[in-house]
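Novice: Here's a sequence, model it:
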Amino acid sequence: MHKKQKLPSKPFSGIIKLMVAGILVFLVYIQVGVGIVDYIRMVHQDYSTQLILRPFLFNCIFSFAFFLLYVSQNKAIRWFSYCFTFATFSLFIIYQKLHGSGLDFNTGLGFEVNDANTILIEMQRSGAVDAAMSSYSYVICYGMLIALAYTMLIWLIVKLSGVRIGKYYTSLIPIVVLSILYIEFNHSKASIANFPVVVKVPFQFYAAATLPVYRGKRAPVTWHFNAQKQVNKLVFIVDESVRGDVLSINGFKIETTPYLQQIKSCIFNYGIATSSGNCSASSHIMLQTGIRPNQMHEMAIRLFKNPSIFQFAKHAGYKTIYIDGQTMGSLLQNYLRSSDFESIDKTIQIRSKYPNVTHPEIDFKISEEIIRLLKENTQEKLFIYVIKSGIHFPYEKSIIQVDPGIAKTFVEDKNSDDAVDQLRLNYYSSTKWNVDHFFNTLLPQIAQYNPIIIYTSDHGQVLREQGILATHCIVNNIVYQGIVPLIIFALGDSYTKFLSLAKNNFLNNYNKASHFNIFPTILLLFGYSEKDIAQYYEPSLFDKLNGKRIFYTGVAPGNPDYYETKVDNTTIQRNFPAAIKIPTSIVSEDKSSCVDLIKSH
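Specialist: This next block holds a predicted model:
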């Protein structure tokens, strides 16, 4: 009986299948990360050879490394690789869908370390996950379905190729490639953004979590202060996601702030101001430390080493209070560290103190706390820093119901759809509730305590302009996310004091102020020397401002890749024509009439 003769093997057939399947997987990676058509378009543009070749080379290397995991003989390795691919694809696609990021080699192909840092910071915010799931459930489902489709396509490519590689190769080669990645990562973290999605997403998170920042103690305050120039009660209220141009006191066509309009002759409204950052964390840390725009390249040190606003307050003899309307328990946010609380005498977390409080009630509990603190500390100098709950998405959670007056006068944008109209209607209603009604509740109750209240918001808000689904923290220079209100309420005896400081430049500074002008203003009200302040900080609201402002996006302390958006008078005129009307006269000089006016409404 003859033995069955073995057919001659085809040594190159397996290699060819491997190469074809690998190329197809590489194309899938390109499609997910950039889009094949866009990738070809970018190659034909005037980019340098290095700019094109480097990402292409690393895309090839890491696509091949992950492809080897897909074709491993080890079933556990294969399925882990598919699950990992699905997870990274999902996160990347969802993030791009929300932020509408333009993808090109200059912007890091859509996911940079500041994007990862934004996600890490926002995930620490109390209720952030629930809010995201509620507001963007359809985007999340969309992203996961697309990611699943691409992952299944890779699985199908591997399945049809019939290729399987031994454990030795599928273990050794990825280790070698990861070693190359580690070397490249330490050489240039920015280049990681040009790698395939399955590589850059996890490594950008690693980069964000290990950003080099100063971790020591803050510098002490050694300045002298003049107690005769101090105000006794200063309340700094930072709202959440309030856009300056949607306040009717700033010219908005819908009456979102009728109470503020009625008392406008007795408040110092600086019109449309710009924030320092476009995310809560970056704005708060810059507001609290007074960093200057020309120092941003040193922010990894200055944001955590410069004396904080609480240190300056304590040094000047103030009792310091921190009211938080967002977090609860031991959760820290906005880059605050435990050491920062050494300069804070009392912390009040509204959601911890009132565990049954509903979202629309939080800011009004804050109002009650401010009233109580001023009443109980009439003989002490007080500095109160307030983080309002504000108008964080989803906006419908910030209101009890849509305001009937706003609904009646709401004019739909003919270029938008019903969902966009409803979103904006909820936002405008929330503005009236959480801004106008908040102050209508607070101000009449505290005028007798003579406080100065400085009011702004951490950042603005994108309300589907330019088709962008995300509301803020967008790297793109969308001006709406950096537009905030800035209003000073000087009540009782403090009115005359603030008026004397502000009146020379108040009219000039309308629509020209910025977050960067607030810190030095507060230091002046603490009684510190104007000469010392001018040496280390930006001009105050009492100085003549030129209106040339900057707000920053993509701010992650320790990361050099941040962006600046410039705002000047032309920007305001072009984007917010209803807000360009400058007041024709200074506010009222009659202190007593202002007290009566505020109390009567």
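Novice: Quick one: the strands in the chain, in order.
Specialist: 233-239, 268-274, 319-324, 346-349, 382-387, 452-457, 483-490, 549-553, 563-567 (DSSP state E).
Novice: Of these, which is nearest residue 60?
Specialist: Across the strands of the chain, residue 60 has its closest neighbour in strand 563-567 (29.4 Å, CB to CB). Every C-beta, even on glycine, is put in place using the N, C-alpha and C of the backbone.
Novice: Centre of the chain to the closest one, how far?
Specialist: Its chain's C-alpha centre and that of strand 563-567 lie 14 Å apart, by CA atoms, centre = their mean, to the nearest Å.
Novice: Present the strands of the chain as JSON lines; the columns should include mean neighbour count and mean pLDDT.
Specialist: Written out in JSON lines, the entries for the strands of the chain read as follows (neighbours: other CB atoms under 10 Å; pLDDT from 0 to 100):
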{"stretch": "strand 233-239", "mean neighbour count": "24", "mean pLDDT": "98"}
{"stretch": "strand 268-274", "mean neighbour count": "26", "mean pLDDT": "95"}
{"stretch": "strand 319-324", "mean neighbour count": "21", "mean pLDDT": "97"}
{"stretch": "strand 346-349", "mean neighbour count": "16", "mean pLDDT": "95"}
{"stretch": "strand 382-387", "mean neighbour count": "24", "mean pLDDT": "98"}
{"stretch": "strand 452-457", "mean neighbour count": "24", "mean pLDDT": "98"}
{"stretch": "strand 483-490", "mean neighbour count": "26", "mean pLDDT": "97"}
{"stretch": "strand 549-553", "mean neighbour count": "24", "mean pLDDT": "90"}
{"stretch": "strand 563-567", "mean neighbour count": "17", "mean pLDDT": "86"}
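Novice: In a markdown table, list those strands along with distance to residue 363.
Specialist: What follows is the strands of the chain, written out as a markdown table (distance: least, CB to CB, whole Å):
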| stretch | distance to residue 363 |
| --- | --- |
| strand 233-239 | 9 |
| strand 268-274 | 20 |
| strand 319-324 | 10 |
| strand 346-349 | 13 |
| strand 382-387 | 9 |
| strand 452-457 | 12 |
| strand 483-490 | 15 |
| strand 549-553 | 24 |
| strand 563-567 | 27 |
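Novice: Nearest to residue 511, out of these?
Specialist: Comparing those by CB to CB, strand 268-274 comes nearest, at 4.0 Å.
Novice: re the thing from before, out of the strands of the chain, nearest to residue 596?
Specialist: Each of the strands of the chain has some distance to residue 596 by CB to CB; the shortest is strand 483-490, at 15.1 Å.
Novice: List the strands paired with the closest one, with their directions.
Specialist: strand 268-274 (antiparallel), strand 452-457 (antiparallel) (DSSP bridges).
Novice: need the contact list for the nearest residue to residue 485 once chain neighbours are set aside.
Specialist: Distance criterion CB to CB, 6 or more residues apart in numbering; nearest residue to residue 485, sequence neighbours excluded, is residue 244 at 4.4 Å. Residue 244 makes contact with 250, 271-273, 457, 460, 483-486, 579, according to CB atoms under 8 Å, 6 or more residues apart in numbering.
Novice: what's the answer for residue 20, then?
Specialist: residue 161.
Novice: Ok, residue 257 next?
Specialist: Taking CB under 8 Å, 6+ apart as the test, what residue 257 contacts is 247-249, 431-432, 435-436.
Novice: Could you dump those residues into JSON lines with pLDDT, distance to residue 199 and neighbour count added?
Specialist: What follows is the contacts of residue 257, written out as JSON lines (pLDDT from 0 to 100; distance: CB to CB, whole Å; neighbours: other CB atoms under 10 Å):
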{"residue": "247", "pLDDT": "96", "distance to residue 199": "45", "neighbour count": "27"}
{"residue": "248", "pLDDT": "94", "distance to residue 199": "49", "neighbour count": "19"}
{"residue": "249", "pLDDT": "94", "distance to residue 199": "50", "neighbour count": "24"}
{"residue": "431", "pLDDT": "95", "distance to residue 199": "42", "neighbour count": "31"}
{"residue": "432", "pLDDT": "94", "distance to residue 199": "47", "neighbour count": "23"}
{"residue": "435", "pLDDT": "97", "distance to residue 199": "44", "neighbour count": "27"}
{"residue": "436", "pLDDT": "96", "distance to residue 199": "49", "neighbour count": "22"}
